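Visitor: Just a sequence and a predicted model for now, questions to come.
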Amino acid sequence: MFSYIKLKLDKLSNNTFLKFFKKTFVQQITLVTVFTILLFIIVVNNIAQEKISVEIGDIAPKDVRATKDIVDSVKTRELKLKVMEEVEPRHRVDPSIQVKVKNEIKEFFELVYEVKEYEDTTFETKVKLLAQDSNIDLTNENYNAALKASKESLNMLESNISDILSQIMGTGIKKEELEYEKENVKKIFNSLDDLPKNLKILGINIVNKSIRPNRFLDKETTDQKRREAAEQISPVIVKEGELIVKKGEKVDERIFELIKSTGLLKEKNGIDYSLNIGTLFIVLLLEGIVISYLYIFERRTINDVKHLVILSIIILSVILISKGISGISGYLIPISAATMLISILIDAKLAILINFVLAIIIGMITGNDVNNIIMLLIGGTVGAFGVINTNQRHNIFLTGLIVGVANVLTILSFGLIADVRIQELLSKVIYGLLNGLFSSILTIGSLPLWESIFSILTPLKLLELSNPNHPLLKKLLLEAPGTYHHSIIVGNLSEAAAEAIEGNTLIARVGAYYHDVGKLKRPYLFKENQFNNENPHNKLNPSLSTLIITSHVKDGVEMAQKYKLPNVITNIIREHHGNTLVAYFYHKALNCENNEHIDEDNFRYDGPKPQTKEAAIIMMADSVEAAVRSMKNPTKGKIEKLVREIIKNKLNDGQLDECNLTLKDLDVIANAFSNVLLGIFHERIEYPKLDLKDLKGGKLSGASNR
């Protein structure tokens, strides 16, 4: 008993869980959560897996290559220091010091002249007075020589001293040059022949006691010149892919800085919380942008879990593929394949947004430079635009070529701006062209998988379904030729009407081709396939005939599922009669005996009513074609009147209540139907009956040919 109760509870809980999980909101939350976790793991692992933990003096655990063009700051700094050291220090001469020295010497000579004029004073006293008041510290012999010399000799000495000071101090004397200049003063005075020895000694002592450094280091100017010299040095660049350090080599300061600049240095052991949190934030921000866009502009996509699954798989797949291919070259990353697939399968505007998101993520995990990311953005955008409304698979390949050309132009533009070497630029150009081709091949190759696995109806799939060699259409042509030709005409009518109201012309045409495939089960019971005058329904009860006629909808749905037709086409088959009354057999039943219990509902199709514009158009085209085909002597006025009457009847019967057609649309559809039907059922020339012998005799040689 307990086991039985437990089994019942388990079944109940399982059913409750399944019902809960089938809710769209629950599926959306689950999908977003799983996608976020997977994207975070992919991004954070790809960012972290390349990082190495080393310090200066350690041995490199593996070869490390530059992930991008980086500046070798250590080498650049060394070169700058070298040229700065080679710059000669700049000095400035202080002219005020020379003036001051000359004034001091002038004061000394004025004092000498003054003391020499003293009267009633002994020579020894004059020497003492001169020594006492002199501003230049000289020996007594120097004072004696100054006082004993004649005024003319002193004037000559003073003049020579002034000239020598101007010569020596004019260019400036550095502190370290002072002793050398004093020796130079001695040589100059000794070379003078017009001065006696004692005055030469006096002059030497006066100058050497007075002179002082007047040329000093101009630190501000020197620093500026050194900075200017350093600025002339171009940074030393380590190119992307260049080997920084080999496995087993010692990590010095330069290598350590280079590894750090590449972003490959793992500076902490254990879990890198900053890396994980930063990665999670950027993933959530990018997801938030996409979800906000879908919620505001593409509510249809966000409510379609199937589309969200496709979007998630494409994003994750392209990121993984890109990481593997980036080892060859970042310019090969097939981001355009993602944008082309999303544009074809979901929406072109969404593809452009995803292109932006993918470029950021791929740039993060591959360490690509800005030039490469911009190329991916441009190429991906071109790919999204190029496949809009594409009807042939070779158009995708052509779009790939255009993407490749866009990549090449982008690479050339940045290459010319940066003056990249020809060999390097040519290599990137080849990769950029291959990128477009690879993306188109990837798109063409994977598109059938998306179409079949997720039952996505693309223009390419619709064109394949419209091929007369499709097994179901071929079967229809062979077994129910009347229905086949009827469907072709309905297709022409539906396509023209859909185009007129800006509906999906391909869905309308292909849906019309398959709308009556259910008649294949009993083709001979439908009028268009009865090529003799015998109608089996004449021998059948009206209720049975109605059941046979209406069952072709159910049979058509089963056949569509058997041949794996897309849901859109299957829905058109299910809806193309709505719950229309089978009027002929209903009236026939009313005219029979025992008609008291006739229920109109038993003579109607099961529905549902058309849910889309295309299904409604096919419903009206189906009725219009059958009615006009049965019309005797059709004229333009009769056809137009009949078309509008049929459409009006469908509207009054409520068959168009659940689709998005407006009264204006119905008027446009009526005109489109009439134009097509007038082209099919136009009036033909009635040819006279002619005798073949008359024709051979040439009597009517002037007759016009049809």
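Guide: Here it is on my side, so go on.
Visitor: for residue 656, what are its contacts?
Guide: Residues near residue 656 by C-beta atoms under 8 Å, 6 or more residues apart in numbering: 609, 610, 616, 650, 666. In short, each C-beta sits where N, CA and C put it, glycine included.
Visitor: ok, now with 7 Å
Guide: 610, 616, 650 (C-beta atoms under 7 Å, 6 or more residues apart in numbering).
Visitor: cool, residue 678 as well?
Guide: The contact partners of residue 678, by C-beta under 7 Å, 6+ apart, come to 636, 639.
Visitor: Would you indicate which residues of the strand or helix carrying it are buried?
Guide: Assigned by DSSP states H and E, residue 678 falls within helix 663-680. For helix 663-680, the neighbour count (16 or more other C-beta atoms under 10 Å) marks 665, 666, 668, 669, 670, 671, 672, 673, 674, 676, 677, 678 as buried.
Visitor: And residue 121, how close does it get to residue 102?
Guide: To residue 102, residue 121 is 29 Å away according to C-beta to C-beta, to the nearest Å.
Visitor: neighbour-wise, which of the two wins?
Guide: residue 102 (16 against 12; other C-beta atoms under 10 Å).
Visitor: I'd say that one and residue 161 touch.
Guide: No - at 8.7 Å, residue 102 does not count as touching residue 161 under the criterion of C-beta atoms under 7 Å.
Visitor: Mind naming the longest helix for this protein?
Guide: helix 422-453 (DSSP state H).
Visitor: Buried residues of that one, list them for me.
Guide: So, applying 16+ other C-beta under 10 Å, buried residues of helix 422-453: 425, 428-436, 438-440, 442-444, 447, 450-451.
Visitor: Counting by contacts, list what it packs against.
Guide: Where contact means 3 or more C-beta pairs under 7 Å, 6 or more residues apart in numbering; DSSP states H and E, helix 422-453 is packed against helix 335-345, helix 370-386, helix 393-418.
Visitor: Any chance of the ones you listed in a markdown table with mean pLDDT, mean neighbour count and distance to residue 660 as columns?
Guide: Output for the helices and strands packed on helix 422-453, formatted as a markdown table (pLDDT from 0 to 100; neighbours: other C-beta atoms under 10 Å; distance: least, C-beta to C-beta, whole Å):
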| stretch | mean pLDDT | mean neighbour count | distance to residue 660 |
| --- | --- | --- | --- |
| helix 335-345 | 93 | 29 | 23 |
| helix 370-386 | 91 | 23 | 27 |
| helix 393-418 | 90 | 18 | 30 |
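Visitor: Wait, residue 353 touches residue 294, no?
Guide: No - with contacts counted by C-beta under 7 Å, residue 353 stays clear of residue 294, the gap being 9.0 Å.
Visitor: Now do the same contact list for the closest residue to residue 576 other than its chain neighbours.
Guide: Distances taken as C-beta to C-beta, 6 or more residues apart in numbering place residue 515 nearest to residue 576, at 4.6 Å, with adjacent residues excluded. Contacts here follow C-beta under 7 Å, 6+ apart; on that basis residue 515 touches 487, 490, 572, 573, 576, 618, 622.
Visitor: right, and residue 514 touches residue 565 too?
Guide: Yes - using C-beta under 7 Å, residue 514 is in contact with residue 565, at 6.4 Å.
Visitor: Please say which of these two ends up with more neighbours.
Guide: residue 514 (28 against 25).
Visitor: Name the nearest residue to that one, sequence neighbours excluded.
Guide: Nearest residue to residue 514 in three dimensions, chain neighbours excluded: residue 569, at 5.4 Å (C-beta to C-beta, 6+ apart).
Visitor: What about the one you found, how many residues nearby?
Guide: Residue 569 has 25 neighbouring residues, counting by other C-beta under 10 Å.
Visitor: and if you look at the one 4 residues further on?
Guide: As a burial measure, the neighbour count of residue 573 was computed by other C-beta under 10 Å and equals 27.
Visitor: okay, and for the chain, where does confidence drop off?
Guide: 1-22, 48-51, 263, 267-270, 367-368, 533, 593-596, 682-706 (pLDDT under 70).
Visitor: Walk me through the domains of it.
Guide: For the chain, the structural domains run 91-217, 273-451, 462-680, going by automatic domain parsing.
Visitor: And the second one, end to end?
Guide: With C-alpha to C-alpha, to the nearest Å as the measure, domain 273-451 spans 42 Å from end to end.
Visitor: what helix or strand does residue 25 sit in?
Guide: Assessed by DSSP H and E, residue 25 sits inside helix 24-48.
Visitor: Overlap in contacts, residue 102 and residue 161.
Guide: With C-beta under 7 Å, 6+ apart, residue 102 and residue 161 have no common neighbours.
Visitor: What is the neighbour count of the nearest residue to residue 333 once chain neighbours are set aside?
Guide: Ranked by C-beta to C-beta, 6+ apart and with sequence neighbours excluded, the top spatial neighbour of residue 333 is residue 322, at 4.3 Å. Using other C-beta under 10 Å, residue 322 has 25 neighbouring residues.
Visitor: Okay, residue 322 and residue 167: tell me how far apart.
Guide: Distance check for residue 322 against residue 167: by C-beta to C-beta, it reads 77 Å.
Visitor: and if you look at residue 445?
Guide: With distances taken as C-beta to C-beta, residue 445 is found 92 Å from residue 167.
Visitor: On the three-state scheme, the residue nearest to residue 514 is what?
Guide: For residue 569, the assignment made with DSSP: H, G, I helix; E, B strand; the rest coil gives helix.
Visitor: List the contacts of it.
Guide: 510, 511, 514, 560.
Visitor: Including secondary structure and distance to residue 381, could the residues you listed go into CSV?
Guide: Listed next are the contacts of residue 569 as CSV, based on DSSP: H, G, I helix; E, B strand; the rest coil; distance: C-beta to C-beta, whole Å:
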residue, secondary structure, distance to residue 381
510, helix, 30
511, helix, 33
514, helix, 36
560, helix, 38
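Visitor: Determine the three-state secondary structure at the residue of the chain positioned farthest from its centre.
Guide: In the chain, the greatest distance from the average C-alpha position (C-alpha atoms, centre = their mean) is reached by residue 120, at 108.3 Å. Using three-state DSSP, the structure places residue 120 in coil.
Visitor: Would you list the phi and psi of it?
Guide: Backbone torsions of residue 120, given as degrees, to the nearest 10, read phi 60, psi 30.
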